[in-house]
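K.L.:
pasting the structure only:
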């Protein structure tokens, strides 16, 4: 079976920077619903179209094709007293209860005396990436998967641009 709209695709995936430094490798095949459902980077999905089991692809993803450009407007400097006593770089917090920051997840990137620097950019924002995939499975999606817009697999991982 070939990869086409409304198929569930299983992939072994490696994500590297443009210099070949490995960022992440899937330990188990990742599944997604193919066909413009927003579950895969569109540039990678286009290259996967028509492929079949045992095919391998490599796609160069510019920042706008992956996790977006780095956006300095997503940086915040907040007073230290607004955070829990135990606070470390790398901790994550949801945005404000209302307003433009309500749906953002901020990561603590720096701490200095009475200030905390928060960043809501994806960790890979602004980076060009190389996505290498081997197709390990293709099957027709079920009606439920098509209705839900995703693979009916709680272990599946979605590779897409996040808001």
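P.N.:
Arrived safely, thanks for sending. As the structure is a computational prediction, the values presented were derived from the model and not from experiment.

K.L.:
domain-wise, how is the protein divided?
P.N.:
7-67+125-148, 72-119 (automatic domain parsing).

K.L.:
pLDDT of the longest one, averaged?
P.N.:
Per-residue pLDDT values over domain 7-67+125-148 give a mean of 95.

K.L.:
which ones are touching residue 48?
P.N.:
3, 9, 34, 40, 57, 133, 135 (CB atoms under 8 Å, 6 or more residues apart in numbering). Quick note: C-beta positions are derived from backbone N, CA and C, even for glycine.

K.L.:
could those residues be laid out in a markdown table, adding secondary structure and neighbour count?
P.N.:
What follows is those, written out as a markdown table (DSSP: H, G, I helix; E, B strand; the rest coil; neighbours: other CB atoms under 10 Å):
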| residue | secondary structure | neighbour count |
| --- | --- | --- |
| 3 | coil | 21 |
| 9 | strand | 28 |
| 34 | strand | 22 |
| 40 | coil | 23 |
| 57 | strand | 14 |
| 133 | strand | 25 |
| 135 | strand | 20 |
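
K.L.:
which of those residues lies closest to residue 121?
P.N.:
residue 40 (21.0 Å; CB to CB).

K.L.:
and the gap between the closest one and residue 57?
P.N.:
Residue 40 is 12 Å from residue 57, where distance means CB to CB, to the nearest Å.

K.L.:
ok, residue 16 next?
P.N.:
14 Å.

K.L.:
what's the overlap in contacts for the two?
P.N.:
residue 132.
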